[in-house]
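J.: need a structure here:
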Amino acid sequence: MQKISSLGAWQLVPLVFAQDTVAASQAAVAIKTTDGNNSVALNTSYTMPFPGEIIAISSNLDTAGTAGTLTIKPTIAGVVVADPVIAMTTLAYGSDTCQRGAATFAKNGQVGCKITTTANWNGTTRDLQVIVWVLLKIDSI
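T.: Here you go, the predicted model:
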């Protein structure tokens, strides 16, 4: 039997985070990872088994807010990256991408997500799901 070992050098991986009842006046609050059906909040980051980079984020609220702003930023080792960023106001969804190489991490890097809400954010009964999209460089396995 022949073993075929073809694996692309870069793999796109979604990292899921969530917060229910998104409160107003949050300042750079780390949101939690979730299990597959979003029923259990776990940790605030994922440890990456390979080096890579954040390339995008996407978000959904179950219903849009009508006042205030919700800002979403990915993190590496707890530090917010400059890009990508989502600022949600009256939409229930959003996404942003960044250029390759803008938000890189090493093997064992911890990728997370933080949110900030303004004092007048009125989506306080909304539930938020965020996906941080990373490219992992699979090499020498």
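J.: Kindly provide the distance from R126 to G52.
T.: According to C-beta to C-beta, to the nearest Å, R126 and G52 sit 30 Å apart. No exception for glycine: its C-beta is placed from N, CA and C like everyone else's.
J.: okay, these two: which has more neighbours?
T.: Neighbours were tallied for R126 and for G52 using other C-beta atoms under 10 Å; the higher tally belongs to G52 (23 against 20).
J.: what pLDDT does the more buried one get?
T.: G52 is assigned a pLDDT of 97 by the prediction.
J.: do A64 as well
T.: Here the pLDDT value assigned to A64 is 91.
J.: can you check A41 too?
T.: In this model, A41 is scored at 66, pLDDT.
J.: How about L7?
T.: At L7, the model reports a pLDDT of 66.
J.: same deal with K73?
T.: At K73 the predicted local distance difference test score is 98.
J.: Quick check: which ranges of this structure have low pLDDT?
T.: Across the chain, the stretches falling below the confidence threshold (pLDDT under 70) are 1-7, 35-41, 140-141.
J.: V81 against E53, yeah?
T.: No - with contact defined as C-beta atoms under 8 Å, V81 and E53 do not form a contacting pair (9.7 Å).
J.: Those two: who's more crowded?
T.: Under the criterion of other C-beta under 10 Å, the comparison of V81 against E53 puts E53 first, with 23 against 20.
J.: and the more buried one, what does it touch?
T.: When contacts are counted by C-beta atoms under 8 Å, 6 or more residues apart in numbering, E53 is found next to 100-105, 134-135.
J.: and for V81 and E53, which residues touch both?
T.: Taking C-beta under 8 Å, 6+ apart as the contact criterion, the residues that touch both V81 and E53 are 102-103.
J.: Closest one to S59 out of the contacts of E53, please.
T.: Nearest to S59 among the contacts of E53: V134, at 15.6 Å, using C-beta to C-beta.
J.: now that closest one: how far from T117?
T.: Distance of V134 to T117, given as C-beta to C-beta: 25 Å.
J.: so which strand or helix has E53?
T.: Secondary structure here is read from DSSP states H and E; on that basis E53 sits in strand 52-61.
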